[in-house]
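J.: sequence unknown, structure follows:
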């Protein structure tokens, strides 16, 4: 009876290995341009979900049915204006990969491409929009004179 309880507890605490069929074999960063990076997550995952969080700004990718392969670093420090760091942690039957924005008050822009055996994220900071010149035209100032009094 005690053995049955112990086995049941072990199965309840740790997810079955069939749910974690895949492994992430590498997470790396490559610089695409001065203000753009590519994050490559290599491995065999079932599916993924991505979302952003603010305060501080960060982008999250949950990879279903996968774990981080032994020997792959769960955190990376990234230099540059886009991402300051990447960290990975196990959550139930998924691996969560978090990319912290270099500017904690503003989230970077990104695209995700799911290719065979890898997830490719292109990340860049939004460009500041420059004011459009008015070419000499400016609207007249609003009329701030008091309203005329009507005779009583």
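T.: On my side now, so go ahead. Owing to the predicted nature of the structure, the values given are computational and were not obtained by experimental measurement.
J.: CA atoms for contacts and neighbours, from now on please.
T.: OK.
J.: Give me the contact list for the lengthiest strand in the chain.
T.: In the chain, taking DSSP state E as the definition, the longest strand is strand 22-33. Judged by Cα atoms under 8 Å, 6 or more residues apart in numbering, the contacts made with strand 22-33 from elsewhere in the structure are 37-46, 65-69, 72, 78.
J.: Closest to the centroid, which residue in the chain?
T.: For the chain, the residue whose C-alpha lies nearest the mean C-alpha position (Cα atoms, centre = their mean) is residue 59; its distance is 1.8 Å.
J.: gap between that one and residue 27?
T.: 15 Å (Cα to Cα, to the nearest Å).
J.: which among the contacts of strand 22-33 end up buried?
T.: Those of the contacts of strand 22-33 that meet the buried threshold are 37-45, 65-68, 78, by 16 or more other Cα atoms under 10 Å.
J.: Tell me where this protein has helices.
T.: In chain order, the chain shows helices spanning 2-13, with DSSP state H as the criterion.
J.: where does it have low pLDDT?
T.: Applying pLDDT under 70 to the predicted model, the residue ranges of the chain that meet it are 1-20, 129-148, 152.
J.: And the strands in it, which stretches?
T.: Listed in chain order (using DSSP E), the strands of the chain are 22-33, 36-43, 47-53, 58-64, 66-68, 75-77, 83-91, 94-101, 109-115, 118-124.
J.: Quick one: those strands as CSV, columns for distance to residue 151 too.
T.: Listed next are the strands of the chain as CSV, based on distance: least, Cα to Cα, whole Å:
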stretch, distance to residue 151
strand 22-33, 72
strand 36-43, 69
strand 47-53, 62
strand 58-64, 65
strand 66-68, 83
strand 75-77, 76
strand 83-91, 69
strand 94-101, 65
strand 109-115, 62
strand 118-124, 65
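J.: Buried deepest among these, which one?
T.: Relative to the other members of the strands of the chain, strand 66-68 carries the highest mean neighbour count by mean count of other Cα atoms under 10 Å, namely a mean of 25.
J.: Other residues contacting it?
T.: Residues from elsewhere that reach strand 66-68 (Cα under 8 Å, 6+ apart): 19-25, 44-46, 74, 88, 90, 93-95.
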